[in-house]
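# fold the following, please.
(one chain, ligands or ions: 1)
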Amino acid sequence: MSISKRRFGFTKDGREVTCFTIDNGKLKAEILDYGVTIKNLFVPDKSGKPVDVVLGYDSIKEYEENDGYLGATIGRVGNRIAKGKFTLNGEDYTLAVNNGPNHLHGGLKGFDKAIWGSEERENSIIFSHLSPDGDEGYPGNLKVTVEVILEENGITLNYSAETDKDTLINLTNHSYFNLNGGGSVLNHTLKLNAEKFNVGDGDCLPTGEIASVFGTVMDFTKERSIGNGVDSDEPCVRLSRGYDSNFILNGEGPAAVLKSERSGIIMTVSTTEPGVQVYSANFLTPRRGKNGADYTYRHALCLETQHFPDSVHHKDWPTCVLKKGERFSSKTTYSFNV
Ligand code: GAL
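Take a look at the predicted model:
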């Protein structure tokens, strides 16, 4: 196991960005302190050749200039909050609005754009960030950490947070996975441990309805190719130009298994979170990625483990309220085999 670091570059406003490499001889991850971004993740394919299974860029300039949150940590609240407004303890709050009329992925300057503090451990790095009271409209000074652990066969993200005033929290990672290292993701197969999903509207906001996957293209309870269904007339898929929905996890066993026959790589996602946003990169506009790669829409699958979108407006769903004096913690592991 080795951990090393190098200067990755400087942001437009002159902040230095560091790239950490964690290598265990089998897997190798490169993580930026900018957004705790997973820049590369090398995994051996069926012939033992390393494949970089996440999309990303070669320079900090590209991370700053492009949209899409490639590989980044998302917070305070991942996914959407309707109209960027909510009421907590009788007080009304207004958040930054950055996705049509709604708040998305923490706002205009979410955790993906912060440079986090870092502390190296034996096989992990603990990244920390202080989000001040009023940040993007959220109440409370929030101390948040993400420990990135390189396991023998995978990578674990351990999230924790504390606040000095009741607030909202829903942390995730926005890696774009492609188990062939590039090209269309539609030939990958997916299995989800989910029998229900949140029905979404044209803005990808939950309507409140929780629907069964059975008999629809949302049914991934048995391994199925992503391409088979991505162009269907199922309203949630049609409105989002592909998969972009929160699936409600059954609670026991891995949340998701993504496979590519070509590389032979199988990725298993396990999480303590109650949901996973399955997003087939429908809004990934054509762009240049690492090593001159061409990325375009549907070139990756994001599996964003999370609380349900807009849950602050749905009292019966698992709460994303973090109370003063309590500690938020959550854990997601992506493990790999062939
Ligand atoms: C996803 C979200 C998509 C899109 C994307 C970023 O998490 O579900 O609708 O906003 O992030 O481009």
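# which residue ranges of the stretch 51-200 of the chain form helices?
With DSSP state H, counting those that start in this stretch as the definition, the stretch 51-200 of the chain shows helices at residue ranges 60-65.
# pull up the residues of the stretch 101-250 of the chain that are close to the ligand.
Proximity of the stretch 101-250 of the chain to the ligand is confined to Leu104, Cys204, Asp244 under the rule C-beta under 6 Å from any ligand atom. The way it works is simple: take the backbone N, C-alpha and C, and place the C-beta from them, glycine included.
# inside strands: which ones of these?
For those, the ones inside strands are Leu104, Asp244, with DSSP state E as the criterion.
# least confident of the residues of the stretch 101-250 of the chain next to the ligand?
Across these, the bottom pLDDT score, 93, is held by Cys204.
# does anything pack onto the helix or strand of the chain with the lowest mean pLDDT? Which helices or strands?
None of the helices or strands of the chain scores lower by mean pLDDT, DSSP states H and E than helix 235-239, at a mean of 93. Taking 3 or more C-beta pairs under 8 Å, 6 or more residues apart in numbering; DSSP states H and E as the contact definition, the neighbouring helices and strands of helix 235-239 are strand 194-200, strand 244-249.
# which positions in it come out as buried?
For helix 235-239, the neighbour count (16 or more other C-beta atoms under 10 Å) marks Cys236, Val237 as buried.
# ok now it, how far from the chain's centre?
When distances are taken as C-alpha atoms, centre = their mean, to the nearest Å, helix 235-239 is centred 21 Å away from the chain's centroid.
# and what of stretch 299-309?
For stretch 299-309 - counting by C-alpha atoms, centre = their mean - the centre lies 5 Å from the chain centre.
# residue contacts, Gly100?
For Gly100, the contact set (C-beta atoms under 8 Å, 6 or more residues apart in numbering) comprises Asp203.
# from Gly264, how far out is it?
Using C-beta to C-beta, to the nearest Å, we find Gly100 at a distance of 40 Å from Gly264.
# just Glu91 next, same as before
53 Å.
# also Arg288?
Distance, Arg288 to Gly264, by C-beta to C-beta: 28 Å.
# equivalent analysis for Ala161, please.
Ala161 sits at a distance of 37 Å from Gly264 (criterion: C-beta to C-beta).
# and these two? which has more neighbours close in?
A count of neighbours by other C-beta atoms under 10 Å puts Ala161 above the other of Ala161 and Gly264, at 23 against 15.
# which ones are touching the more buried one?
For Ala161, the set of contacting residues under the criterion of C-beta under 8 Å, 6+ apart consists of Leu142, Lys143, Val144, Thr145, Ile169, Leu171, Leu322, Arg327, Phe328, Ser329.
# do I have it right that the fourth one meets Leu171?
It refers to Thr145. No - using C-beta atoms under 8 Å, Thr145 is not in contact with Leu171, being 10.1 Å away.
# what residues do these two have in common as contacts?
Going by C-beta under 8 Å, 6+ apart, residues that sit against Thr145 and also against Leu171 are Tyr159, Ala161.
# neighbour count winner among those two?
Neighbours were counted for Thr145 and for Leu171 using other C-beta under 10 Å; Leu171 has more, 28 against 18.
# so who does that one touch?
With the criterion set at C-beta under 8 Å, 6+ apart, Leu171 makes contact with Thr73, Ile74, Gly75, Arg76, Gly78, Phe111, Val144, Val146, Tyr159, Ala161, Phe328, Ser330.
# what do you get for Ser270?
Pro254, Ala255, Thr332, Thr333, Ser335.
# ok, Asp133 to Gly140 distance?
Applying C-beta to C-beta to Asp133 and Gly140 gives a distance of 6 Å.
# ends of stretch 114-123, how far apart?
23 Å (C-alpha to C-alpha, to the nearest Å).
# can you offset everything so residue one is 176?
In the new numbering, first residue 176, that becomes stretch 289-298.
# which stretches of the chain have low pLDDT?
In the predicted model of the chain, no residue satisfies pLDDT under 70.
# return the residue of it that is most distant from the centre.
Residue distances from the centre of the chain (C-alpha atoms, centre = their mean) peak at Gly265, which lies 30.7 Å from the mean C-alpha position.
# look up how far Asp341 lies from it.
Using C-beta to C-beta, which is the criterion applied here, Gly265 is 11 Å from Asp341.
# many thanks, have a good one.
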